[in-house]
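Visitor: Sequence below, structure please.
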Amino acid sequence: MAGQRNQGLQRWGWLLAGAVLASAATMVAPDLLARVAGNAATPRAVTPRGELQPDEKATIALFERSRDAVVFITTRERVRDLWTRNVMTVPKGSGSGFLWDESGYVVTNYHVIEGASEATVRLADGTDYRSTLVGASPEHDIAVLRIKLGDKRLAPIPLGSSGDLRVGQKVFAIGNPFGLDWTLTSGIVSALDRSLGEDDGRAIHHLIQTDAAINPGNSGGPLLDSAGRLIGINTMIYSPSGASAGIGFAVPADTVNRVVPELIRSGRYERPNLGLELDERINARLARMFDMRGVFVVKVERGSAAEVAGLRGVGFTANGSVIIGDVITAVDGKPIESVDKLLALLDDRRGAAQVQLTVTRQGKSVVVPVRTPR
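Guide: Okay, the predicted model is just below:
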C-alpha cells in the first residue's frame, strides 16, 4: 500500500512539474515571438541599381528638355440661363498644346477650342494665362492661340520634319491625358499617310499613326522623335471605348509648318484656288450616273487659272441631258477619287508654280498643266 501511494505521489509530482514548465513556456513564448518578429520587420538594405541604361537617360533628358514648352489648355463657353436670361461661362473641355515660339504663340488642335468663348493656358510652372485666338484651320485641325508672357522667355520645341519619317522609329507624346499634367508616353510610328474622316464630314489627310498611348486630353500636344524634335500634333485616337487602344494619330509637322505661319500672318488659311467649282454630293451622283471615278468639274470660274488652262465643266443639251466635262483623276500623278482628296493634294502643292492635272476628257486621258495662284 505504501509503495502504491509513493508511486501515485511521484506521478502527481511529474504532472505538477510539467504544468509548471508549460506555464513558464507560455510566458516566455510571446516575448520570444515578439523579438523574432521585430527582427523580420526592420527595413531591408537597398540594393544599388547601378547606372541607368543609355536609352533611359535619353528619354529622361528628352522629357526634361521639352516639358516646359508643353501647355495645358482649359476652355469655357458662354451659355444663357433659360429662366433668368443671365449669360454665364461654364467649363467646356481641356486639351494640350505647345509653344510655337518665344513670342507666346501656342499651337493646339482646332477641336480643343472649337465652340469655346475663352481658353486658359497653363504653363509647366503652374502659371495660368488668358489667351486670344489668333486663327484656326478646321481642315487641318490646327489652331493658334496667343498669351502674353511678359519678360518670361521659354524655349519652343525644336521643329523636325515629317517627310522623312520611317515606320518603326521611336516617338514620344507629351500631354495631359484625363487631366494628369505633363504625362510622357512612348511608342513607334505605326503607319504613315493615313486619312481619317471627322463627324462633320471633313477628312484630315497625311496623318501619322502611332501606338504611343494617346488619350482624351493629349489632343494638341506634341509628338516628338528620339531627338526631341516636333514631328506632329497629337490629334485623335481610334477607340470604341474612348481610351487608348494603341492607335493614335498626329497631324504631321510639315503640315503644321505650312499652316501655322499663315494663321499667325492672316488669321486664316486658304487652300490654293484654281477656279474650279466642285461639290462632293454632285460628284457622287455623277460618278454613279456615268460609272466613272474621279472628281467631276462642275463649273470653271471666269478668268481663273482653270479657265486659262482650258478645263471644262459640266454642260447640258437642249433637252436637259447632262454632258460631262473634265473628270480629274490625278494631281501630279497621285490618283484621287474625292473632292476632299483633290483639295488636300492641291494644298500640298501650295507655293508651287503649277500642278499637272490628269483628266478624262471625252473618253481619253490627258494631262493639263495649271498655274497655281500665288
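
Visitor: V297: what's it in contact with?
Guide: By C-beta atoms under 8 Å, 6 or more residues apart in numbering, the contact set of V297 is 276-278, 306, 311-314, 325-328, 359. To be clear about C-beta, it is placed using only N, CA and C from the backbone, and glycine gets the same treatment.

Visitor: and stretch 249-261, how far from the chain's centre?
Guide: Computed by C-alpha atoms, centre = their mean, to the nearest Å, the chain-centroid distance of stretch 249-261 equals 12 Å.

Visitor: about what we covered before: now the buried members of the contacts of V297.
Guide: Those of these that meet the buried threshold are 276, 278, 306, 311-314, 325-328, 359, by 16 or more other C-beta atoms under 10 Å.

Visitor: Closest to V339 out of those?
Guide: Lowest distance from V339 to these (C-beta to C-beta) belongs to L278, with 4.7 Å.

Visitor: how about the closest one, what does it touch?
Guide: 295-298, 339, 342-343.

Visitor: what about the stretch 251-374 of the chain, any weak spots by pLDDT?
Guide: By pLDDT under 70, the low-scoring segments of the stretch 251-374 of the chain are 374.

Visitor: the helices in it, which residues?
Guide: All helices of the stretch 251-374 of the chain, identified by DSSP state H, counting those that start in this stretch, fall at 253-266, 280-290, 305-308, 339-348.

Visitor: Please identify the deepest-packed of those.
Guide: The highest average neighbour count among these, using mean count of other C-beta atoms under 10 Å, belongs to helix 339-348 at a mean of 20.

Visitor: Pull the distance from it to the chain's centre.
Guide: Worked out by C-alpha atoms, centre = their mean, helix 339-348 lies 22 Å from the chain centre.

Visitor: Show me what that helix is packed up against.
Guide: Judged by 3 or more C-beta pairs under 8 Å, 6 or more residues apart in numbering; DSSP states H and E, the packing partners of helix 339-348 are strand 203-210, helix 280-290, strand 327-331.

Visitor: Show me the protein divided up by domain.
Guide: 64-146, 170-266, 276-371 (automatic domain parsing).

Visitor: Same list (those domains) but as a markdown table, adding distance to A58.
Guide: Converted to a markdown table, these look like this (distance: least, C-beta to C-beta, whole Å):
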| stretch | distance to A58 |
| --- | --- |
| domain 64-146 | 11 |
| domain 170-266 | 7 |
| domain 276-371 | 33 |
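
Visitor: looking at these, which is closest to L52?
Guide: The closest of those to L52 is domain 64-146. By C-beta to C-beta, the value is 13.3 Å.
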